[in-house]
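K.L.:
Coordinates only, no sequence provided:
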């Protein structure tokens, strides 16, 4: 081993730090609670302690290439400030990068978590054979990441990739972003629960209603998925709505960007069986570019096929993508 | 003058060929009818005659850098075949580039016309200060073009930029592409006429009805615009619909790509006054990325502003963009 880097995945509920070799092999992962409620300072202290511990532990066997940190918020790439992070109250407009660099006395790279996940899937996951990739991360919200010609597409101010805020229903459900009818309102775990509650309120959703009455712990996107694959129609309809919203968004992205691969990750992607048939149906109906490059047409050469597929790295995508950043980025 | 190139804009109703200096100065433009009805062969013959004429005329004063041709259809960038061109019947699956090269005995560059227009506006028009740009061309249909880091974004198979086929109304009007509710069905000249006919059929649209009864020559997108600026409510509502559809599309593009500038061109863009207020209202409502980078906020630095603006080159954008192609592309 000649070099390794340290990746951080700062999730809403977990803080994970890993030392990763250039091959992608994970040497060690440290998982702690982020304890967001205990405040920004505690989280940064825990993060820096873990980074130092891994850095010391592996310094004998190789040199530290750098540190990459995936953050669930919009980052001003120039200043390293967190501009907007609904899941990290108290981090907004705080000079996160500067503070971490001050404590560690070294440079770090900050990246949006969905961009990190896209970069991880591009490096070692579903997109490893491609230079260009689009990833949608379906979790509490819906994140997006674009990789063009091997690099994360940041746009003018680092805000690119906010694909969860693509309109799928112009007069649809209000979104936290201020708009209405965003993809996030139909394809996130939060949206699945909301749609299930709406189904219960509308009546005739027996199994969902039973689960709802058992209490909030039981009433999860996972439970609704279990009901759907067991054949419960109201639960199935919810995942059809998820698939329809994803299909509308992906069809527009395919027509606009003509990328080779679109990857669906995040917790909700485990419900693939329940939403993917509708999603693919919508894409075929709505995207003539998809049809012209269909992976189902045996006459289309492999490198001219549009692939829509599940992520393969699971919860490690963001961690690995963050660790990859210092390996490919020029040092400041 | 050291070098010049020849650009061709093969429109649905016009064939224009120009010799253009590296400065962007147009030496001469030849305009002929494309006479599409007389067939592909006649059009190619006229085009090649004009290219030869300009090439000979200016050869004494400089060397010919190359020939770029904007075509209203989807082009396979590798083979130079026209894959799909509703406005050029008989061109589909024909090796256009090969045939023109055979006749002229030199290399030519084929490009989609909306991409050429985007490239022209980036070179000499609204986007001349930017490396990244998105352009929507509102004509008979709605074309799109993306320029990333100074180059046209072609995607995997040259089909990128089909932004007219972004869904704005998931269960909306059927589109020629096979989908429903595409931007093209709400923001093209064709769509404006259709929506006016719908208003006439619904009743209560007195001025539109009078124009409709005067016959088809009078019932144009331009006439409907004239009624709108004269205060006719039904005509105004049609342009509000245009603005709303553009706003939905642009908000998603701004959230997804975070580009510095979005340019609206094509014949319908002359109705800017009638649709732009609604369009901007929708963008502000729907795109938090736009709001965070608003050009209306005096505190936002100029280079971090999102600009949505009219094209400035008019009908020359595609011609100039096509002429620019050989200046920046490596010779094969």
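P.N.:
Perfect, thanks for sending it. Quantities reported herein were computed from a predicted structural model and do not represent experimental measurements.
K.L.:
quick one, helices of the stretch 51-200 of chain A?
P.N.:
A:96-104, A:113-124, A:184-187, A:189-202 (DSSP state H, counting those that start in this stretch).
K.L.:
I'd like to know which of those helices is closest to residue B:44.
P.N.:
Residue B:44 lies closest, by CB to CB, to one member of those: helix A:113-124, at 42.1 Å. All C-beta spots, glycine's among them, are computed from the backbone N, C-alpha and C.
K.L.:
Might you calculate how far the closest one sits from the centre of the chain?
P.N.:
8 Å (CA atoms, centre = their mean, to the nearest Å).
K.L.:
I'd say residue A:135 and residue A:142 touch.
P.N.:
No - at 10.9 Å, residue A:135 and residue A:142 do not qualify as touching, with contact defined as CB atoms under 8 Å.
K.L.:
of all of the stretch 201-332 of chain A, which residue lies closest to chain B?
P.N.:
residue A:258 (2.4 Å; CB to the nearest CB).
K.L.:
Identify the residue nearest that residue in space, chain neighbours excluded?
P.N.:
residue B:155 (2.4 Å; CB to CB, 6 or more residues apart in numbering or on different chains).
K.L.:
any idea how far the one you found is from residue A:80?
P.N.:
Plainly put, residue B:155 is 32 Å away from residue A:80 if you go by CB to CB, to the nearest Å.
K.L.:
More neighbours: those two, which one.
P.N.:
residue B:155 (24 against 21; other CB atoms under 10 Å in any protein chain shown).
K.L.:
Which neighbouring elements make contact with the helix or strand bottoming out on mean pLDDT in chain A?
P.N.:
When the helices and strands of chain A are scored by mean pLDDT, DSSP states H and E, strand A:81-84 comes last with a mean of 80. Judged by 3 or more CB pairs under 8 Å, 6 or more residues apart in numbering or on different chains; DSSP states H and E, the packing partners of strand A:81-84 are strand A:74-76, helix A:96-104, helix B:288-292.
K.L.:
Need the per-residue pLDDT for the residue nearest the centre of chain A.
P.N.:
Note on chain A: the residue nearest the mean C-alpha position is residue A:137, at 3.1 Å, using CA atoms, centre = their mean. In this model, residue A:137 is scored at 97, pLDDT.
K.L.:
Residue A:70 too?
P.N.:
95.
K.L.:
Same check on residue A:10?
P.N.:
The model's pLDDT for residue A:10 equals 89.
K.L.:
The nearest residue to it once chain neighbours are set aside and residue A:240: what is the separation?
P.N.:
Distance criterion CB to CB, 6+ apart; nearest residue to residue A:10, sequence neighbours excluded, is residue A:71 at 5.2 Å. From residue A:71 across to residue A:240, the span is 33 Å (CB to CB).
K.L.:
Near chain B, which residues of the stretch 101-250 of chain A are found?
P.N.:
Residues of the stretch 101-250 of chain A lying close to chain B by CB under 8 Å from any CB of the partner chain are A:132, A:144, A:146, A:148, A:153-163, A:165-170, A:177-180, A:244, A:248.
K.L.:
ok, residue A:143 - contacts?
P.N.:
A:72, A:112-114, A:117, A:136-137, A:161, A:163-164, A:266 (CB atoms under 8 Å, 6 or more residues apart in numbering or on different chains).
K.L.:
between those residues, which has the most around it?
P.N.:
residue A:117 (34 neighbours).
K.L.:
Residue A:136 is in contact with that residue, correct?
P.N.:
No - the criterion here is CB under 8 Å, and residue A:117 misses it with residue A:136 at 9.7 Å.
K.L.:
Touching both of these two, which residues are there?
P.N.:
In contact with both residue A:117 and residue A:136: A:143, A:265-266, using CB under 8 Å, 6+ apart.
K.L.:
for those residues, which one is nearest residue A:215?
P.N.:
residue A:266 (24.7 Å).
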